[in-house]
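1. sequence first, predicted model second:
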Amino acid sequence: MSYFLSTMFLAVGAVAVYYGVAVLGIWERIAPRGGLMPAIAGGFLVILCALKLFDKHERNEKFKLLSNMWIPPLAVVAVWIMTHIVGMLPAIALMVLGWLIIVEKYSFWRSTQITLVIFLCTYGIFRLWLRVFFPTGLLGNLF
């Protein structure tokens, strides 16, 4: 199973590199284009998966599926669904809050403080400073 997943993610990384370089482009004059981050992330994914494929110790290990392994993919699906309803920034804030409470076992008050700091930093850097527009969902342009 580990071999299959490594091969699958290697292919995903290769597609991300191709799409970033050939379709979106990585650089234009003095500024990066939209394909720079997918190309970098895809390149790292290709390198890491290739290293995992050729690791002798990994070939002999059995893959164990644990119940808590489903939490990250379910969180991603929940954020995707919530993005269409409440918008991207509130959806990510709710996911961080839930993660801190459920997975990390932080108190509600501490989780709320951390989530608020993360939300305000993300909003300040990306929305106010860099003027990145996030999907707004049904809330419109509230955030």
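-> Structure received.
2. what's the residue nearest to Ala91 when sequence neighbours are not counted in contact with, if anything?
-> Using Cβ to Cβ, 6 or more residues apart in numbering and skipping the chain neighbours, the partner closest in space to Ala91 is Met82 (3.6 Å). Yep, even glycine has a C-beta here, placed from its N, CA and C like the rest. Met82 sits next to Pro90, Ala91, Leu94, Met95, Gly137 when contact means Cβ atoms under 8 Å, 6 or more residues apart in numbering.
3. spit out the contact partners of the third one.
-> Going back to what we said before, that points to Leu94. Contacts of Leu94 (Cβ under 8 Å, 6+ apart): Met82, Val86.
4. got the domain ranges for the protein?
-> 2-64, 68-139 (automatic domain parsing).
5. lowest average pLDDT across the ones you listed?
-> Of all those, domain 2-64 carries the lowest average pLDDT, namely a mean of 85.
6. quick check: phi and psi on the spatially most central residue of the chain?
-> Taking Cα atoms, centre = their mean, the centroid of the chain lies closest to Val76, which sits 7.9 Å from it. With angles defined as degrees, to the nearest 10, Val76 sits at phi -70, psi -40.
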